[in-house]
Each structure stands twice: as structure tokens, then as C-alpha cells.
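1. This is a predicted model, with the sequence first.
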Number of protein chains: 2
Amino acid sequence: MVRLPVYQRILAELLRSGTDTVPSEQLAVLARVTAAKVRKDLSYLGTLGTRGTGYEAAVVVEEIDRALGLDQEWPMAIVGLGNLGHALANSGGFASHGFKLVALFDVDPKVVGSRVADLPVRHVEELASVSREERLTIGVITTPASSAQGVADLLVRCGVCSILNFAPRVLAVPQDVLLRYVDLSIELQVMSFYQSRRLLRSSRRPHALPALRSISLPGQDIS
Amino acid sequence: MVRLPVYQRILAELLRSGTDTVPSEQLAVLARVTAAKVRKDLSYLGTLGTRGTGYEAAVVVEEIDRALGLDQEWPMAIVGLGNLGHALANSGGFASHGFKLVALFDVDPKVVGSRVADLPVRHVEELASVSREERLTIGVITTPASSAQGVADLLVRCGVCSILNFAPRVLAVPQDVLLRYVDLSIELQVMSFYQSRRLLRSSRRPHALPALRSISLPGQDIS
DNA sequence: CGATGTGAAATGCTTCACAGCA
DNA sequence: TGCTGTGAAGCATTTCACATCG
């Protein structure tokens, strides 16, 4: 289920803030879904809640971890160390348990050989051998669009079965390779779509005093 | 529909490569969906195709543009000019028609006052006034997680009705504000989820010779 | 008594199959 | 003849409502 990671993050933040038990109603508000949806989602993972009380955050987090396969390690590699690749490698966003950045690749001789985020930047030619040694399962593409398909082909040949593509390019991969896009312009266009539909119904003006309920806790940085 | 931007990008690439008419079958292969889905999706936009021939790419692109609201300008601002904010501002990923980056904000005195991507970096205090002048509709949050909610609140108060959040934090906004996450760890977790499910069924080994059909055209860079 | 877990109804999305048009 | 457009069937997800349990 695509919502589990969201619940997971919310629960982790709640735990850090000292809340250890939470009813579906509250979780629903925070995740911006309905309470029924939360209950049904969580019920697929087993009987996690306590009637009359709610869910114990720690228990649910652990159970979601298992369901998401985060109880095992996924070795990852980043291909393409331009600005974005650099930013991601250093972001620590991978450091969350379950994922481990084990290799970096590029072709630019100015970058190959340098160290980024405590890892050497290797030439893509080494991808095959490194993939075998490290048993890479996830490849992150942060190359220019023009190289993205070539890199994807290479990753697939090396047995990498999950690809995260940041390049603004639609990629072709075999059916059994999992491909996901993290794509600025696609997101923007989706926003534009919903927004223009909504504008037809009601013309919005600035919120005078939005009633916001926020979780205010420090988290890890990405920038 | 969330697939329209994908069709759009593919069609644009086909156009650049000189193909101007395409049957649903081919579009389906490139977008990794079924032909029936393509036809139904496009049929919602009107009667665009020619029976016996296929779709004329230029016509469909234009029609999708209209449906997505890309025939109007959406003024955007980026808040938070760390590595990621910088990379995005310079990426040109916004330059695609429909979106216009009009302002940059930060609080760090080392950054405020400098110029990035031909725009001055302003202090967030100015957000309200700039928002009025420029009629901001989209806000991009690339701050550390700890500041993200505060920035979101501010954007909402200033009448920004679409927020794109890159910070690893679940945000609370009013119902009528459109909020989307571009989130590394959520994507990774979703991949992990599908991947671990799949591993149960079949244990994969590297592809010997993947039969790949790729669109090979230059596109814009993001890195 | 309060909140979960869950059948059953409602809704939405996808696939199928084929009529209809170029 | 080839491919689109589309009702109808099939499937999945969401909502509802309430029995059930701590």
C-alpha cells in the first residue's frame, strides 16, 4: 500500500514527541485521509490496535517496517554526480534504516576518482563488477536526460531490479524491473491539473487565519 | 488523470524525433500501460484520434496542455536555497511552458541578497508582499525538515494554493490547498514494498539480454 | 463506553470486446 | 482493413455502519 510510508513517518514523529498511543482518527487527520481508511490499511498488517484506546505507535511502526521490507538492507547506488546527485548523496535521506548507499558512479573524469559522502566515485564501467560484489538492488539515476536510458539499460543488465529515476525522461525497462519517477515537472503538471479543475468551482482568496494543527519536531535535512 | 503528463512527455519526444502520428498501441508500450487505458484516458479529452491511423501527436499534446492547465502561466517561488533549492532553481525543469519561477526565499543572511538563476534571493519576510505582486500560486519547499511546516503555514496565509514539498516531513495544510510530496524516502519505501513482495514469488537473476525499445532523444537536464 | 476490525454497499478504475468510422 | 471510441463486465479501493472487544 502506498500510504504505509506516510503513516510510518507520522508515527515516528509522534514517538519522538512523546506520544506513544494514537487513535485512527488522529492518524487520519495527520495523514489527510479518512479514519476508516487508516483502520482498513492497518488491519491488513494484522490486529495491531487496542479497542477503546487506539494504536500503539511503536508496534505499528515495527509492523509497517516488516511489511515494507525495511527489516532487511537494500544496497543502493547513485549514477550521475551532478548537483542533484551530490545533494542526494550527502542528504542522509538514505541513512534511514533499510537503505544503504554503497556506490557512486559517473563518467566525467573531473568527478571520477573524487570522494563524495565518504564514498569513492567510480567510473560506470565498474558498475557490473561492483553490482556483483555488493549485490546492488536499487539504482538511482541522476544523470542528464540524454544518458538516462543508457544507464537504465546498464543497471538492468547488471541485475538491479529497482530503479529510481530523477532524470526528466520516460524510461523503458523490462516488466519485472520496478521503475519509479521522482520528477519535478510531472509533479508540477499534476498540481496544475487539479488546481485548474478546482479554480473552475471556487475562486480562492488568501486564508485569513488557517486553523493549522502541525507536528512540530526536528527531522532530518535534505537540502 | 495522473498519467497525462507521462503521455505528454512521450509525445513531445516523439514529435522531436519526427514521428507525428502514433497508435494507442505504441503509446501504451512507451508509457508502460495498456492500449485500452491510453484510449480511455485520451477519450476523456474529446475525440482526438483518427480511426485506422492513430493519434496525431501535436493535437494530443495541445489538448493535454489545455486539460492540465498548462495553457496559462503559474507563477512559482522556491523557499529554501540549500543544495537542493539551488539545484532546482538552476535546473531549468521549471522552464517548461506553463511554469515560471518568479521568486526565491531564504532566511540565511549568507544567502539572502545573492542572485541565483538570475533571480535575487529575498528574505522570507518579503514573501507576503511578493506573493501579492506576483500572484504566486505554487510554492516549492526545499528547507530543512524542521522549518517546513512553518514555511507551509506562511505560504498558505499568503494565498498560495499549491505546495510542492521536498522536505522529509508530513505537512498539515487546509483542505483546499493542494499538497504534493517529492520525497526520496517515501519513494524508496514504496519500492522496497513492491520489491519484497515480488521476491516472495520469483527470485530474480540478472537479465542476460533485455529486449529494450527506447526513445533516444536529448531532453532537458535536471542535474 | 470508546475505538477497533470487518462484512457489505458504493464508488472508481481497468479490462474486454466490438461497433463504427477513416 | 486497422484502429479508435465506448458500453458493459470485472476488479480494486473506499466508504459505511455496526458488532465486538478492551
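-> Everything's here; your move.
2. would you put the C-alpha positions of stretch A:163-174 in CSV?
-> Once side chains and other backbone atoms are set aside, the C-alpha atoms of stretch A:163-174 remain, and they are given as CSV (Å, rounded to 0.1, in the frame of the first residue of the first chain):
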residue,chain,number,x,y,z
ILE,A,163,15.3,2.0,-10.4
LEU,A,164,14.6,5.4,-9.1
ASN,A,165,14.7,8.0,-12.0
PHE,A,166,15.3,11.6,-11.4
ALA,A,167,16.0,12.5,-15.0
PRO,A,168,13.2,14.2,-16.9
ARG,A,169,12.8,11.3,-19.3
VAL,A,170,10.4,8.4,-19.7
LEU,A,171,12.4,5.2,-19.4
ALA,A,172,11.8,1.7,-20.9
VAL,A,173,12.7,-1.2,-18.7
PRO,A,174,11.6,-4.9,-18.6
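3. okay, now the residue nearest to residue A:44 when sequence neighbours are not counted: neighbour count?
-> Spatial nearest neighbour of residue A:44, chain neighbours left out: residue A:1 (7.2 Å); criterion: CB to CB, 6 or more residues apart in numbering or on different chains. The C-beta positions use only the backbone N, C-alpha and C, and glycine is treated the same way. Residue neighbour count, defined by other CB atoms under 10 Å in any protein chain shown, stands at 17 for residue A:1.
4. same check, this time on residue A:110
-> Under the neighbour criterion other CB under 10 Å, residue A:110 is assigned a count of 7.
5. domains for chain A, by residue range?
-> According to automatic domain parsing, chain A comprises the domains A:4-67, A:74-184.
6. any residue of the shortest one up close to DNA strand D?
-> Yes. Applying CB under 7 Å from any atom of the strand, one finds domain A:4-67 in contact with DNA strand D at A:33, A:34, A:36, A:37, A:39, A:40, A:50, A:51, A:52, A:53.
7. distance between the ends of that domain?
-> In domain A:4-67, first residue to last residue: 9 Å (CA to CA, to the nearest Å).
8. buried residues in the longest helix along chain A?
-> In chain A, taking DSSP state H as the definition, the longest helix is helix A:184-201. Judged by neighbour count (16 or more other CB atoms under 10 Å in any protein chain shown), helix A:184-201 contains these buried residues: A:184-193, A:195-196, A:198.
9. okay if I get those residues as TSV plus pLDDT?
-> Conversion of the buried residues of helix A:184-201 to TSV gives the following (pLDDT from 0 to 100):
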residue	pLDDT
A:184	85
A:185	86
A:186	88
A:187	89
A:188	90
A:189	91
A:190	89
A:191	90
A:192	90
A:193	89
A:195	82
A:196	80
A:198	68
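10. Check whether stretch A:49-56 comes near DNA strand C.
-> Yes. Stretch A:49-56 lies in contact with DNA strand C when judged by CB under 7 Å from any atom of the strand; the contacting residues are A:49, A:50, A:51, A:52, A:53, A:54, A:55.
11. So which of those residues are in strands?
-> Among these, the ones falling in strands (DSSP state E) are A:49, A:50, A:54, A:55.
12. And the residue of chain A closest to DNA strand C?
-> Nearest residue of chain A to DNA strand C: residue A:49, at 2.9 Å (CB to the nearest atom of the strand).
13. Skip the chain neighbours and tell me the closest residue to that residue.
-> Using CB to CB, 6+ apart and skipping the chain neighbours, the partner closest in space to residue A:49 is residue A:55 (4.6 Å).
14. residues in contact with the one you found?
-> Contacts of residue A:55 were listed using CB atoms under 8 Å, 6 or more residues apart in numbering or on different chains, and they are A:21, A:22, A:23, A:24, A:27, A:42, A:48, A:49.
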